[in-house]
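Enquirer: quick check, what structure comes out for this input:
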Amino acid sequence: MLAPSHSQDSAETDRSGGFRRYPPRMALREDIRDIAIVAHVDHGKTTLVDAMLWQSGSFRANQDVADRVLDSMDLEREKGITILAKNTAVRRGGIKINIVDTPGHADFGGEVERALTMVDGVLLLVDASEGPLPQTRFVLRKALESRLPVILVVNKVDRPDARIEDVVNEVYELFLDLDADESQIEFPIVYANARAGRAGLDPDDLADDLAPLFDVLVERIPAPFYEEGHPLQAHVTNLDASPYLGRLALCRIREGTIRKGQQVAWCRADGEIVRVKVTELYVTEALDRVEAEEAGPGELIAVAGIPEVTIGETLADPEDPRPLPVIGVDEPSLAMTIGVNTSPLAGQDGTRLTASMVLARLEQELVGNVSLRVLPTERPDAWEVQGRGELQLAVLVELMRREGFELTVGKPQVVTREVQGKVHEPVERLAIDAPEEYVGVITQLLALRKGRLAHMVNHGTGWVRMEYLVPARGLIGFRTEFLTETRGTGILHHVFHAYEPWHGELRMRPTGSLVADRRGPATGFALLNLQERGQLFIAPGTEVYEGMVVGENARAEDLDVNATKEKKLTNMRSSTADELVRLIPPRLLSLEQSLEFLGDDECVEVTPSNVRLRKAELSAQKRQTATSRKARGLAKV
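Expert: Okay, here's the model as predicted:
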């Protein structure tokens with residue numbers, strides 16, 4: 001049922017905190033608040049939601065609940081990051097607070113942009129030591145563009161290296177840098193220790209619970225407003241699936257009321273309007289979806305009965321359908337080719353091997369992921385998949401391999417665009433935190449990638465914060481080299497900045513590859529001789545094939561090697577005949593590390609059990625012929 005509301009005839013604060021005058025028939029849903037929690041990766045969003053759920057009585061006192069309860073995907077728990085935006089709800093003093101937990105990584109920015117269309121305000125979470133980082137800039141820019149009021153929550157104030165005052169000043173500078181107006185800069189500040197479930201308006205005087213945060217939230221986040229008598233408008237902002245009900249459309253009701261069993265107008269993205277029936281209607285209570293007979297303006301709902309509905313479409317009144325604008329997101333900046341597995345070992349691990357299965361899975365991903373694009377290539381069994389960054393594309397490949405797919409994945413490439421007749425490429429804003437003794441080597445690494453220093457601060461703690469503007473292709477493969485040079489101590493994050501004219505050729509990988517020249521199991525005897533040439537990726541007994549990359553050559557050129565060579569047997573005995581072979585442990589690459597390592601003529605074979613590097617052209621003879629033709633100018637480089 002619609003909750004109590006009051007008409008609004010006088011001045012009232014708008015979403016940005018300023019003043020506006022509603023038309024005489026506008027009304028407010030005082031019993032609902034819709035908020036999104038946005039922050040950089042690992043600043044404590046999901047932990048804060050956990051504490052809010054516990055303190056609002058969503059769980060029994062003796063209930064066994066996992067930490068970061070909203071990170072429900074296996075991949076989210078393994079990586080410790082939020083990948084999909086999810087919503088939950090808590091009740092506080094008769095007010096229902098719908099909370100949307102968003103990803104902090106810019107590669108999943110499509111999820112953030114969708115989430116912001118569902119809410120009326122934002123909790124901006126910032127670490128009390130690290131301060132605002134590139135992804136903080138990204139999510140805040142989206143919130144300010146949407147004219148949403150912001151509440152700043154400085155989290156982890158208990159950290160021994162907390163620098164609270166400096167962090168608050170950095171946030172103010174960030175607001176000014178993003179052209180926030182006066183009303184947006186006057187934001188309230190709450191200090192918190194999310195892990196302990198405590199908050200307060202003074203960092204040195206935290207309450208024993210999150211009551212101060214709830215009070216500020218209810219006071220400063222505006223209640224949803226609507227026009228009395230307006231026909232139904234519900235915006236589809238996300239999708240989910242149920243094994244019993246099929247596809248579920250997750251919507252924010254803008255105007256009117258929707259009822260279970262009601263006929264509604266489905267306003268499709270292509271402009272067609274179709275009548276459909278709402279077979280089931282759900283609202284969120286804590287972590288559960290609860291059946292509802294009807295829901296009104298401002299509510300976040302799940303609707304079943306529309307099997308082909310997609311994100312950005314509108315459910316409206318069949319007698320007076322008024323579609324809302326389709327949700328727009330930033331364009332992809334990185335692309336890679338995904339196709340069926342074409343290696344000699346194909347079909348040994350996976351169960352989904354055909355081109356039609358791969359295409360169907362990619363099309364299924366497009367339905368719920370508005371920031372991806374899938375384009376055809378010259379080959380019928382491979383497609384170009386465009387996304388926001390390496391992590392987003394690697395997560396898609398990782399999910400597919402866990403579902404039983406075998407794939408061949410190409411080297412990530414930047415998506416260029418033509419502006420006034422000139423080729424432009426994406427440039428990333430890169431933030432690095434590292435011990436000050438590594439400043440020289442980091443500067444040298446980024447100079448090779450044509451990065452330019454935008455900002456550098458030494459906090460006086462032995463650590464330095466550097467901000468660079470670097471071509472996106474210069475960052476492909478940079479993370480592994482960066483961690484090696486900083487002995488694993490450096491931290492880096494990057495976010496899309498702008499398109500700039502093509503920066504010319506970059507010297508990317510200074511090393512070549514060790515490439516197997518025949519098929520068979522790798523032997524310890526062969527690997528003992530090969531480890532002098534460079535770093536190996538395989539262990540004895542690993543099945544290899546011609547064209548498979550078995551290691552990294554210390555020199556710049558590729559080297560064809562025999563990794564299956566066996567020790568010759570003789571009838572002569574000596575004291576060293578059976579000496580134990582001592583091998584350096586191989587460097588086992590994860591999927592993300594493999595994608596970073598790839599050369600221009602290499603790809604990754606991905607199966608449920610294995611990740612193998614290989615040459616795109618397996619035949620050594622054909623590779624040699626192609627190289628010779630390029631050298632003589634007979635083939636395109």
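Enquirer: so where's the stretch 201-350 of the chain shaky on pLDDT?
Expert: Along the stretch 201-350 of the chain, segments meeting pLDDT under 70 span 241, 243, 287, 328-330.
Enquirer: can you pull out the strands in it?
Expert: 225-227, 233-242, 246-255, 258-259, 263-267, 273-277, 280-285, 288-291, 294-295, 300-304, 314-316, 334-340 (DSSP state E, counting those that start in this stretch).
Enquirer: start and end of stretch 36-50, how far apart?
Expert: With C-alpha to C-alpha, to the nearest Å as the measure, stretch 36-50 spans 14 Å from end to end.
Enquirer: in contact with residue 595, which residues?
Expert: Contact criterion C-beta atoms under 8 Å, 6 or more residues apart in numbering gives 336, 390, 393, 394, 409, 411, 412, 604 as the residues in contact with residue 595. From N, CA and C alone the C-beta is placed, and that goes for glycine too.
Enquirer: could you redo the last one with a cut-off of 7 Å?
Expert: By C-beta atoms under 7 Å, 6 or more residues apart in numbering, the contact list for residue 595 reads 390, 394, 409, 412, 604.
Enquirer: again with residue 483
Expert: residue 490.
Enquirer: any idea which element it lies in?
Expert: For residue 483, the host element (DSSP states H and E) is helix 478-485.
Enquirer: check which residues of that helix are buried.
Expert: 478, 479, 481, 482 (16 or more other C-beta atoms under 10 Å).
Enquirer: picking that back up, could you dump the contacts of residue 595 to a markdown table with secondary structure and neighbour count?
Expert: Formatted as a markdown table, the contacts of residue 595 follow (DSSP: H, G, I helix; E, B strand; the rest coil; neighbours: other C-beta atoms under 10 Å):
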| residue | secondary structure | neighbour count |
| --- | --- | --- |
| 390 | helix | 20 |
| 394 | helix | 23 |
| 409 | strand | 27 |
| 412 | coil | 23 |
| 604 | strand | 22 |
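Enquirer: these: which two are farthest apart?
Expert: 390 and 604 (12.3 Å; C-beta to C-beta).
Enquirer: sorry, back to before: contacts for the helix or strand just after the helix holding residue 483?
Expert: Next helix or strand after helix 478-485 toward the C-terminus (DSSP H and E): strand 491-501. Contacts to strand 491-501, defined as C-beta under 7 Å, 6+ apart, come from residues 106, 133-135, 137-138, 330, 333, 417, 419, 422, 424-433, 469, 475, 479, 482.
Enquirer: from these, which would you call buried?
Expert: 106, 133-135, 137-138, 333, 425-433, 469, 475, 479, 482.
Enquirer: in strands only, show me those.
Expert: Within these, residues falling in strands by DSSP state E are 425, 426, 427, 428, 429, 430, 431, 432, 433, 469.
Enquirer: let me see the contact set for the third one.
Expert: The one in question is residue 427. Contacts of residue 427 (C-beta under 7 Å, 6+ apart): 469, 470, 471, 472, 497, 498, 500.
Enquirer: do the fifth one as well
Expert: Under the criterion of C-beta under 7 Å, 6+ apart, the contact partners of residue 429 comprise 134, 467, 469, 494, 495, 497.
Enquirer: could you redo those as TSV and give each row distance to residue 543 and pLDDT?
Expert: Converted to TSV, these look like this (distance: C-beta to C-beta, whole Å; pLDDT from 0 to 100):
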residue	distance to residue 543	pLDDT
134	42	66
467	46	88
469	44	91
494	37	77
495	41	74
497	44	80
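Enquirer: turn those residues into a markdown table, including distance to residue 613.
Expert: Formatted as a markdown table, those follow (distance: C-beta to C-beta, whole Å):
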| residue | distance to residue 613 |
| --- | --- |
| 134 | 30 |
| 467 | 33 |
| 469 | 31 |
| 494 | 24 |
| 495 | 28 |
| 497 | 31 |
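Enquirer: and residue 439, that one's in a helix?
Expert: Yes - Residue 439: assigned to a helix according to DSSP: H, G, I helix; E, B strand; the rest coil.
Enquirer: and it, how many neighbours?
Expert: By other C-beta atoms under 10 Å, 15 other residues sit near residue 439.
Enquirer: one more: residue 445?
Expert: Neighbours around residue 445, by other C-beta under 10 Å: 17.
Enquirer: where along the stretch 451-600 of the chain do the helices fall?
Expert: 478-485, 524-530, 591-597 (DSSP state H, counting those that start in this stretch).
Enquirer: of those, which shows the lowest average pLDDT?
Expert: Per-stretch mean pLDDT for the helices of the stretch 451-600 of the chain is lowest at helix 478-485 (a mean of 80).
Enquirer: re the thing from before, point out the most buried one among the strands of the stretch 201-350 of the chain.
Expert: strand 314-316 (a mean of 26; mean count of other C-beta atoms under 10 Å).
Enquirer: give me the contact list for that strand.
Expert: Taking C-beta under 7 Å, 6+ apart as the rule, strand 314-316 contacts 231-236, 251, 258, 264-267, 303, 322-324.
Enquirer: please state the offset of that strand from the chain centre?
Expert: 28 Å (C-alpha atoms, centre = their mean, to the nearest Å).
Enquirer: just checking: what are the partner strands of that strand?
Expert: The sheet places strand 314-316 alongside strand 233-242 (antiparallel), strand 263-267 (antiparallel), with pairing taken from DSSP bridges.
Enquirer: residue 234 and residue 258 touch, don't they?
Expert: Yes - using C-beta atoms under 7 Å, residue 234 makes contact with residue 258 at a distance of 5.9 Å.
Enquirer: can you tell me the closest non-neighbouring residue to residue 502?
Expert: Nearest in space to residue 502, with sequence neighbours left out and distances taken as C-beta to C-beta, 6 or more residues apart in numbering, is residue 423 at 4.6 Å.
Enquirer: residues near the one you found, how many?
Expert: Around residue 423 there are 11 residues (other C-beta under 10 Å).
Enquirer: in the stretch 1-150 of the chain, which spans are helices?
Expert: 45-55, 74-79, 109-116, 134-145.
Enquirer: those helices: lowest mean pLDDT?
Expert: For those, where the average pLDDT is lowest is helix 74-79, sitting at a mean of 46.
Enquirer: my guess is residue 140 meets residue 124, correct?
Expert: Yes - Residue 140 lies in contact with residue 124 (C-beta under 7 Å); the separation is 6.1 Å.
Enquirer: using a markdown table, lay out the contacts of residue 595 together with pLDDT and distance to residue 158.
Expert: Formatted as a markdown table, the contacts of residue 595 follow (pLDDT from 0 to 100; distance: C-beta to C-beta, whole Å):
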| residue | pLDDT | distance to residue 158 |
| --- | --- | --- |
| 390 | 78 | 34 |
| 394 | 84 | 34 |
| 409 | 92 | 43 |
| 412 | 88 | 39 |
| 604 | 93 | 42 |
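Enquirer: in CSV: those residues, plus distance to residue 559.
Expert: Formatted as CSV, the contacts of residue 595 follow (distance: C-beta to C-beta, whole Å):
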residue, distance to residue 559
390, 27
394, 28
409, 24
412, 25
604, 20
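Enquirer: if I look at the nearest residue to residue 451 once chain neighbours are set aside, how far off is residue 433?
Expert: Distances taken as C-beta to C-beta, 6+ apart place residue 470 nearest to residue 451, at 3.7 Å, with adjacent residues excluded. Per C-beta to C-beta, to the nearest Å, residue 470 is found 16 Å from residue 433.
Enquirer: what do you get for residue 204?
Expert: 26 Å.
Enquirer: contact partners for residue 297?
Expert: By C-beta under 7 Å, 6+ apart, residue 297 lies in contact with 29, 224, 226, 253, 254, 255, 256.
Enquirer: any idea how far residue 92 is from the second one?
Expert: Counting by C-beta to C-beta, the gap between residue 224 and residue 92 amounts to 16 Å.
Enquirer: good, we can wrap up now.
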